[in-house]
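Engineer: the following comprises the amino acid sequence and a computationally predicted model.
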Amino acid sequence: MDKEQLKKEMTDKSNEILQKYSEMDVMETVSVMNMATKTVFLGSLKVYNTEVLPNIIRDLEKELKGYGELVIRDQRVTPCCSPSYMHVSFNITITN
């Protein structure tokens, strides 16, 4: 398993989904947590248009579920000095 290649694929797929729905944010990279029995990939996206949120989550599930055990969460964020958005995070667990 080439972790750097997987990180790039996950980042590219996530950014393609954001572009598909005209979201202005870009995900820089996916983080990796290495453990003795598993590897966990963590990603985080900002979605400003809540109307497309269900579509983005559905597309993420479709594109990322093949890598391993996938969990997707979303939470509303309301910063003081910028527009509110939905924070969408995913983690993918792959058994070593």
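Structural biologist: Arrived safely.
Engineer: show me the shaky parts of the protein.
Structural biologist: 1 (pLDDT under 70).
Engineer: and the helices in it, which stretches?
Structural biologist: 3-20, 53-64 (DSSP state H).
Engineer: and the residue nearest the centre of the chain, bridged to which residues?
Structural biologist: Centroid-nearest residue in the chain, with C-alpha atoms, centre = their mean: Gly43, separated by 4.0 Å. Counting by DSSP bridges, Gly43 forms beta bridges with Phe90.
Engineer: my read is that it contacts Asp12, right?
Structural biologist: No: assessed by C-beta atoms under 8 Å, Gly43 is found out of contact with Asp12, at 11.3 Å. Heads up, the C-betas are built off the backbone N, CA and C, glycines and all.
Engineer: please identify the buried residues of stretch 9-26?
Structural biologist: Glu9, Met10, Thr11, Lys13, Ser14, Asn15, Ile17, Leu18, Glu23 (16 or more other C-beta atoms under 10 Å).
Engineer: wait, what's in contact with Ser22?
Structural biologist: When contacts are counted by C-beta atoms under 8 Å, 6 or more residues apart in numbering, Ser22 touches Asn49.
Engineer: and the residue lying closest to Tyr67 once chain neighbours are set aside, how far is that from Val71?
Structural biologist: Nearest non-adjacent residue to Tyr67, counting by C-beta to C-beta, 6 or more residues apart in numbering: Ile92, 4.9 Å away. To Val71, Ile92 is 8 Å away according to C-beta to C-beta, to the nearest Å.
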